[in-house]
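A.B. asks: Generate a structure from the sequence data that follows.
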Amino acid sequence: GEGHVEGEKVENPDTGLYYDEYLRQVIDVLETDKHFREKLQTADIEEIKSGKLSRELDLVSHHVRTRLDELKRQEVARLRMLIKAKMDSVQDTGIDHQALLKQFEHLNHQNPDTFEPKDLDMLIKAVSASYK
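C.D. replies: Numbering: from 1, shown residues only. Now for the predicted structure:
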């Protein structure tokens with residue numbers, strides 16, 4: 001068989017999470033930052049789950065933060081479309097949008113424009129919780 005080539009993309013199986021694509025994109029962007037990639041490779045699972053790794057987000061390059069902000073805005077827009085489709089299907093105008101957004105625990109819905117350490121922490125915790 002052929003061995004793994006450095007820099008080659010390894011196709012990971014679908015996690016089954018409704019935010020799987022968002023998760024993959026965030027990881028891909030974070031791995032483009034050399035400092036963060038090194039921290040990720042040396043971190044143990046408890047450092048990741050505890051949020052210690054999330055604090056490293058403040059040290060990534062401006063380009064990486066800008067791309068993460070863009071990904072988050074796209075994910076918020078996607079979630080809003082899902083909510084709107086759900087609302088349209090039930091024809092109930094008394095639905096609280098903020099209450100619906102709170103069910104999405106993989107990002108900070110109170111700040112829909114920028115990707116912050118809290119977003120990374122929430123994403124990690126949501127993934128961890130889904131595998132318990």
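A.B. asks: how close does the residue nearest the centre of the chain get to H106?
C.D. replies: Among the residues of the chain, the one closest to the centroid is L23, at 4.3 Å (C-alpha atoms, centre = their mean). Distance of L23 to H106, given as C-beta to C-beta, to the nearest Å: 7 Å. All C-beta atoms are positioned from the backbone trio N, CA, C, and that covers glycine.
A.B. asks: okay, and the common contacts of these two?
C.D. replies: Any residue near both L23 and H106 by C-beta atoms under 8 Å, 6 or more residues apart in numbering counts here, and that gives 17, 123, 127.
A.B. asks: which one among the residues you listed gets closest to R73?
C.D. replies: L123 (15.0 Å; C-beta to C-beta).
A.B. asks: Report the contact partners of the closest residue to that closest one other than its chain neighbours.
C.D. replies: Nearest residue to L123, sequence neighbours excluded (C-beta to C-beta, 6 or more residues apart in numbering): H106, at 5.1 Å. Each residue near H106 by C-beta under 8 Å, 6+ apart is listed here: 17, 19, 22-23, 122-123, 126-127.
A.B. asks: related to what we said a few turns ago, can you name every helix or strand that the strand or helix carrying the residue nearest to the centre of the chain contacts?
C.D. replies: According to DSSP states H and E, L23 maps onto helix 20-30. Under the contact definition 3 or more C-beta pairs under 8 Å, 6 or more residues apart in numbering; DSSP states H and E, helix 20-30 sits against helix 34-42, helix 62-90, helix 117-130.
A.B. asks: Per-residue pLDDT of the residue nearest to the centre of the chain, please?
C.D. replies: On pLDDT, L23 comes in at 92.
A.B. asks: Could you check how far it is from L68?
C.D. replies: According to C-beta to C-beta, L23 and L68 sit 12 Å apart.
A.B. asks: swap in D33?
C.D. replies: From D33 to L68 the distance is 10 Å (C-beta to C-beta).
A.B. asks: Then L17?
C.D. replies: Distance, L17 to L68, by C-beta to C-beta: 18 Å.
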